[in-house]
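*Asks:* Provide a 3D model corresponding to the input given below.
(chains A and B)
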Amino acid sequence: MNSLVMIVVGAALVNNVVLSQFLGICSFLGVSKQMKASLSLGGAVIFVITIASAVASLLYTFVLEPLSLAYLQTIVFILVIAALVQMVEMFLKKNSPAIYKALGIYLPLITTNCAVLGVALTNVQNGYGLAESVLAGFGTAVGFTVAIVLLAGIRGRLDESAVPLPFRGAPLVLLSAALMSIAFMGFGGIS
Amino acid sequence: MDILIATLVVGVIGLVLGVALVATGRKFRVETDPREAEIRELLPGNNCGACGYAGCDAVAAAIAKGEAPANACPVCSSGKAEQIAAVRGVAAQAAERHVAFVRCGGDCEKTSVTAQYAGVADCRAAALAGLNPWACAHGCLGFGSCVEACQYDAIHVVDGVAVVDDSKCVGCGLCAAACPKHLIELIPAGKTAAVRCSSPDKGTEVRKLCSAGCIGCGICAKQCPDEAVTLDGTLARVDNTKCAGCGKCAEKCPTHAMVLTK
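*Replies:* Take a look at the predicted model:
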């Protein structure tokens, strides 16, 4: 039980997907302009990564490993994630238009988010089983959401302050992200 | 043999996923407004984003729902906008065609390069660093950020200054958004007067730096029968809503900064 909790905490904070593994930077910087959008994206990422790690784990254990085709994991995971996101999108559109509307464009965007593929591959690397994979995936996605929501909050504050011209826009966002990354190194002590 | 198994496995996974996708697609089909697809067909479909929506699909849905006007797409010709309006069942608002206009005529002959710029060859990069190799601080940098932004091959840097090809320009305004010097504006297509200079400097200063600049002499304003031309400090401005395109101002302009578009 204790080790499962550690997997979630470790994935969310210690090995934060954005701030210490540098995955999913694109959407991290791109969609952190507004709090609302970053929350939507975070929700969509939690949704997709949790399902994707479950499916990827099952596929690896029951198809790729028995056939000793582990080297195909990257291409197979990409296929599965892309198809999965499409299916989830169609399902949501029909069965819960409210969630579909809230997630909007972010759901299909996640197909190309490297964090999703990264989690699936890391799970295999760590030799996680199904339950561990799902928890690690969930933790990672929560970590992503925490990071992007924090950055959105910081950017909201920065928008209202007098920033020297050369630092406005992208430079300051990158600096903020770097400082956040240093702050998250403090969680290294937990593990 | 290994290759065959690998190919087979990936192929089968792909096939299964494909079939599953089709099945889910059928099962979870959502009836959408049929007009949405019809409108989508009429839109250009290159998702340039000039309308402010996430793409052609998004704006088609907004038009079908009535959230956006039938002429929401700035790239569509007025004929297309009418067809879209017909699909939606409303009368089209007249959509005037606009084209981009570069308010700088200072090419290599008319003004001069005073410094060697060795940085990233991009207007926004140069402007961000406050660098400008040209004599005039207000003119076109000529590194072609607008050319990069244009999806229709309608703007090019000729002799160091951006020039719009009116026949190709669709008036989407992406180049205007890309120009760090804010030199590009959208003006109505057809005959209208426009000032090919943005320098607010005094006439003597402008004349020293560039032979094509507006020196603020005010002859154009006096010539105009419709009071469309006014002087904003030492820079002539044309109110395109009043300009009838007679061309008297352009004829008399001593530096030919005032031009009559075709």
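*Asks:* Let me see the ranges of the strands in chain B.
*Replies:* The residue ranges that make up the strands of chain B, judged by DSSP state E, are B:98-102, B:155-158, B:161-164, B:184-188, B:193-195, B:229-232, B:235-238, B:258-260.
*Asks:* what's the closest of these to A:Val9?
*Replies:* Checking those against A:Val9 by CB to CB gives strand B:184-188 as the closest, at 52.4 Å. In this view, the C-beta of every residue, glycine as well, is placed from N, C-alpha and C.
*Asks:* Strand partners (parallel or antiparallel) of the closest one?
*Replies:* Listed by DSSP bridges, the sheet partners of strand B:184-188 and their directions read strand B:98-102 (antiparallel).
*Asks:* Give me the contacts around the partner strand.
*Replies:* Strand B:98-102 is contacted by residues B:74, B:140, B:146, B:154-155, B:161-164, B:166, B:169, B:171, B:173, B:175-176, B:183-189, B:194, B:196, B:261 when judged by CB atoms under 8 Å, 6 or more residues apart in numbering or on different chains.
*Asks:* buried stuff in the longest helix belonging to chain B?
*Replies:* Longest among the helix segments of chain B by residue count, using DSSP state H, is helix B:2-27. Residues B:Val9, B:Ile13, B:Leu17, B:Leu21, B:Thr24 are the ones in helix B:2-27 that count as buried (16 or more other CB atoms under 10 Å in any protein chain shown).
*Asks:* before we move on, what about stretch B:67-83?
*Replies:* In stretch B:67-83, the ones that count as buried by 16+ other CB under 10 Å are B:68-76, B:80-83.
*Asks:* And for stretch A:146-159?
*Replies:* For stretch A:146-159, burial by neighbour count (16+ other CB under 10 Å) applies to A:Val146, A:Ala147, A:Ile148, A:Val149, A:Leu150, A:Leu151, A:Ala152, A:Ile154, A:Arg155.
*Asks:* and chain B, which of those residues contact it?
*Replies:* Restricting those to those near chain B by CB under 8 Å from any CB of the partner chain leaves nothing, as none qualifies.
*Asks:* Show me which pair in those residues is furthest apart.
*Replies:* With distance counted by CB to CB, no two of the buried residues of stretch A:146-159 lie farther apart than A:Val146 and A:Arg155, which are 15.0 Å apart.
*Asks:* Could you give the secondary structure assignment for the spatially most central residue of chain A?
*Replies:* With distances taken as CA atoms, centre = their mean, the residue of chain A nearest its centroid is A:Ala141 (4.1 Å). Following DSSP: H, G, I helix; E, B strand; the rest coil, we place A:Ala141 in the helix state.
*Asks:* Show the pLDDT at residue 78.
*Replies:* Just so you know, I chose chain A. According to the prediction, A:Ile78 has pLDDT 89.
*Asks:* Sorry, I should have been clearer: chain B.
*Replies:* pLDDT, the model's per-residue confidence, is 68 for B:Ser78.
*Asks:* go on, B:Gly45?
*Replies:* Per-residue confidence for B:Gly45 comes out at a pLDDT of 81.
*Asks:* what does B:Lys248 give?
*Replies:* B:Lys248 is assigned a predicted lDDT (pLDDT) of 87.
*Asks:* ditto for A:Ser191
*Replies:* The per-residue pLDDT reported for A:Ser191 equals 59.
*Asks:* pLDDT score for residue 65?
*Replies:* Looking at chain A here, since you left the chain open. Among the per-residue scores, A:Glu65 shows a pLDDT of 87.
*Asks:* nope, chain B
*Replies:* Checking the pLDDT column for B:Lys65, the value is 82.
*Asks:* Would you confirm that it contacts B:Asp33?
*Replies:* Yes: here B:Lys65 lies in contact with B:Asp33, judged by CB atoms under 8 Å, at a distance of 7.3 Å.
*Asks:* Mind jotting down where the helices sit in chain A?
*Replies:* Under the criterion DSSP H, chain A contains helices at A:2-9, A:25-30, A:35-59, A:73-95, A:97-103, A:106-109, A:114-125, A:130-159, A:170-184.
*Asks:* Now do the first one: which elements does it pack against?
*Replies:* Put plainly, it is helix A:2-9. Counting by 3 or more CB pairs under 8 Å, 6 or more residues apart in numbering or on different chains; DSSP states H and E, the packing neighbours recorded for helix A:2-9 are helix A:130-159.
*Asks:* What average pLDDT does the helix it packs on get?
*Replies:* Helix A:130-159 shows an average pLDDT of 92 in the prediction.
*Asks:* got it, and stretch A:97-117?
*Replies:* Mean pLDDT, stretch A:97-117: 77.
*Asks:* cool, stretch B:193-210 as well?
*Replies:* The average pLDDT for stretch B:193-210 rounds to 88.
*Asks:* tell me which residues of it are tucked away?
*Replies:* B:Ala193, B:Ala194, B:Val195, B:Arg196, B:Cys197, B:Ser198, B:Ser199, B:Asp201, B:Gly203, B:Val206, B:Leu209, B:Cys210.
*Asks:* what does the model give residue 173 for pLDDT?
*Replies:* In the absence of a named chain, this looks at chain A. Looking at A:Val173, its pLDDT stands at 91.
*Asks:* Actually, chain B is the one I wanted.
*Replies:* Looking at B:Gly173, its pLDDT reads 85.
*Asks:* show me what contacts A:Thr145?
*Replies:* Remark: with contacts taken as CB under 8 Å, 6+ apart, A:Thr145 is in contact with A:Leu39, A:Gly42, A:Gly43, A:Val45, A:Ile46.
*Asks:* which of the residues you listed tops the neighbour count?
*Replies:* Within the contacts of A:Thr145, neighbour counts (other CB atoms under 10 Å in any protein chain shown) peak at A:Val45, which reaches 29 neighbours.
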